[in-house]
Each structure stands twice: as structure tokens, then as C-alpha cells.
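**Student:** Predicted model and sequence follow; I will ask about them next.
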Amino acid sequence: MNAVVSAAPAIDPGQAIGQIAVQLPGATAVFRRLKLDFCCGGQVSLRQAAGEKGLDLPALVEELSALQRPTALPDSGTPAELIDHILARYHEVHRAQLPELIRMARRVEAVHRGNPNTPHGLADTLEAMHGELLSHMHKEEAVLFPMLRTGGNAFVVQPIGMMRSEHTDHGEALAEVARLTNDITPPPEACNTWRALYAGLAQLSDDLINHIHLENNVLFPQFEAASQSCGGASGCGCSGGQ
């Protein structure tokens with residue numbers, strides 16, 4: 001399969017940290033750890049904010065740049081290489097994404113509780129989604145992927161079928177997130193934290209849809225073809241043109 005190279009834009013130290021927080025999912029966790037106020041004080045440039053805190057600006061730029069997620073699918077002709085890509089690009093990213101999104105969702109729900117546009121119930125939805133994804137990924141990593149790495153067997157369609165069913169559940173969870181957030185569209189009055197939350201949700205949605213697509217439509221069929229058809233149940237339950 002051929003990779004489509006997509007160069008990530010460089011982090012500009014002159015950009016306001018509030019803009020970086022909104023445009024770069026994951027940056028909020030870095031700013032929070034370093035006690036950089038990206039919400040009320042978000043108009044300050046990254047360079048100025050780092051200088052005021054005595055932080056190493058090149059190291060901070062490098063850390064933020066590492067958050068930019070590659071979109072290319074690697075040139076890979078083997079299931080093992082595709083599995084390695086799924087683990088690094090999606091499993092580990094989901095584990096990092098959701099705790100920060102849950103934290104921001106709870107903050108937004110608490111601070112803006114009186115706003116009719118506030119996504120009440122979002123944090124609980126994300127927390128349930130987090131638990132389900134952790135369980136799902138553990139089953140893949142402990143059971144299914146080791147089977148696939150060794151070439152599969154006559155019974156591999158059973159765990160694959162279970163994973164496809166859980167993928168449908170993940171799609172339904174994404175649909176609920178979209179319902180709670182007006183299709184992940186922040187209202188005009190949204191603060192930087194609110195906007196950063198929705199930027200992170202958009203990336204989570206894209207990542208999870210692409211993750212499911214790779215498994216349902218690229219990885220799994222290579223092993224199902226050698227077994228009895230499972231009824232063509234390749235749908236992931238989440239739209240998005242994948």
C-alpha cells in the first residue's frame with residue numbers, strides 16, 4: 001500500500017498559546033503541566049509564555065511538534081507491519097487522548113453549567129467510551145493480534161467478529177458525542193478550553209474512524225478470506241465517508 005505524505009506544519013513560537021491549544025490536540029496537557037494559562041491568558045505568544053516561566057523554548061517547540069499526528073499509511077505488505085502501525089498510531093494515541101478530553105469536558109461542564117450550549121453529559125460519555133476502548137484494545141493486543149501475527153487459524157473469524165461488533169459500539173459512542181456537541185461545533189462564545197476540547201474531539205473522531213477502517217476493511221479481510229464468509233459485516237457503524 002502506498003503512503004500519502006502529508007507534511008505537518010511547524011509550530012510557530014510567535015503564535016498565541018490559546019491558538020495552539022485550539023489547533024493542536026494534546027497541547028493542553030503540555031500547557032497544563034507547565035502551568036501555562038492557555039485559556040484566560042491565551043493571547044500571549046508561546047515565546048513570551050516560555051520566557052516568563054523560564055522554560056526551554058526549543059524543547060517546548062519540539063515537544064509540541066511531536067503531538068502532530070501523521071496521517072500517512074506506511075508502505076506495508078504484511079499484516080504484522082499493519083498491526084505495528086495500528087498499535088503505534090491509534091492504540092497508544094487513544095490512550096493519551098481520552099484522559100485529557102475527559103478532564104477538559106468536566107471543566108467545561110462545570111464552568112459553563114448555565115450555558116444552554118454546554119455539552120452536559122459529555123464527560124460521562126467519554127469516560128464510558130474510554131473504558132470500552134481500553135477493554136477492546138487489550139483484547140486485540142492480548143488475543144487477536146498475536147493470532148494474526150502467526151498467520152491466523154480456522155477459528156480467527158470468531159474474535160474478529162467480536163471486534164467488528166465492538167467497532168459498531170464505538171461508532172455509536174461517536175454518534176452520541178456528535179449529538180452532545182452540535183456535531184463538534186463550538187458556539188461563538190466558547191472559551192479556549194472549550195474550543196480545544198472540541199478540536200481534540202474532532203481528532204479523536206477522525207482517528208477512531210480511520211482506526212476502525214484499517215481493521216475492518218484492510219486487516220481483517222486478509223484472514224476472513226481464508227474462512228467462511230461472516231456475512232460481509234464490515235460496517236463500523238460510524239459514517240464519515242470512510
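**Tutor:** Sure, I can see it.
**Student:** Which residue comes closest to residue 211 once chain neighbours are left out?
**Tutor:** Leaving aside its sequence neighbours, residue 211 sits nearest to residue 90 (CB to CB, 6 or more residues apart in numbering; 3.9 Å). C-betas here are computed from N, CA, C, even on glycine.
**Student:** And the pLDDT at the one you found?
**Tutor:** Residue 90 is assigned a predicted lDDT (pLDDT) of 94.
**Student:** Looks like it contacts residue 213 (just checking).
**Tutor:** No. Counting by CB atoms under 8 Å, residue 90 does not reach residue 213; the two are 10.5 Å apart.
**Student:** pLDDT at residue 65, what is it?
**Tutor:** With respect to pLDDT, residue 65 has a value of 88.
**Student:** before we move on, which element is the spatially closest residue to it that is not a sequence neighbour in?
**Tutor:** Leaving out its chain neighbours, the residue that sits closest to residue 65 by CB to CB, 6+ apart is residue 11, at 5.1 Å. Under DSSP states H and E, no helix or strand contains residue 11.
**Student:** Now the phi/psi pair for residue 11, please.
**Tutor:** The phi/psi pair for residue 11 (degrees, to the nearest 10) reads phi -80, psi 130.
**Student:** roughly how far apart are the residue nearest to residue 211 and residue 10?
**Tutor:** The gap separating residue 90 from residue 10 is 24 Å, by CB to CB, to the nearest Å.
**Student:** These two: which has the busier surroundings?
**Tutor:** residue 90 (21 against 9; other CB atoms under 10 Å).
**Student:** For that one, give me its contacts.
**Tutor:** Contacts for residue 90 (CB atoms under 8 Å, 6 or more residues apart in numbering) come out as 207, 208, 210, 211, 214.
**Student:** Counting neighbours, which of these comes out on top?
**Tutor:** These, ranked by neighbours (other CB under 10 Å): first place residue 208, 25 neighbours.
**Student:** Remind me which helix or strand the residue nearest in space to the middle of the chain belongs to.
**Tutor:** For the chain, residue 204 is the residue whose C-alpha lies nearest the centre (CA atoms, centre = their mean; 2.9 Å). Counting by DSSP H and E, the element that carries residue 204 is helix 192-213.
**Student:** Would you agree residue 25 is in contact with residue 205?
**Tutor:** No. Taking CB under 8 Å as the definition, residue 25 is not a contact partner of residue 205, at 10.9 Å.
**Student:** out of these two, which sits in the busier spot?
**Tutor:** Remark: of residue 25 and residue 205, residue 25 carries more neighbours, 27 against 19, as counted by other CB under 10 Å.
**Student:** How about the secondary structure of that one?
**Tutor:** coil (DSSP: H, G, I helix; E, B strand; the rest coil).
**Student:** what do you get for the one 3 residues further on?
**Tutor:** With three-state DSSP as the basis, residue 28 sits in helix.
**Student:** which helices and strands sit right next to the top helix by length along the chain?
**Tutor:** As assigned by DSSP state H, the longest helix anywhere in the chain is helix 157-180. Here helix 157-180 touches helix 122-139, helix 192-213, helix 220-224, going by 3 or more CB pairs under 8 Å, 6 or more residues apart in numbering; DSSP states H and E.
**Student:** Buried ones in it, by neighbour count?
**Tutor:** Neighbour counts over helix 157-180 (16 or more other CB atoms under 10 Å) mark 157, 159-160, 163-164, 166-168, 170-171, 173-174, 176-178, 180 as buried.
**Student:** Stretch 108-119 too?
**Tutor:** So, applying 16+ other CB under 10 Å, buried residues of stretch 108-119: 108, 109, 112, 118, 119.
**Student:** Regarding it, how distant is the last residue from the first?
**Tutor:** End-to-end distance for stretch 108-119: 8 Å, by CA to CA, to the nearest Å.
**Student:** This completes my enquiry, with thanks.
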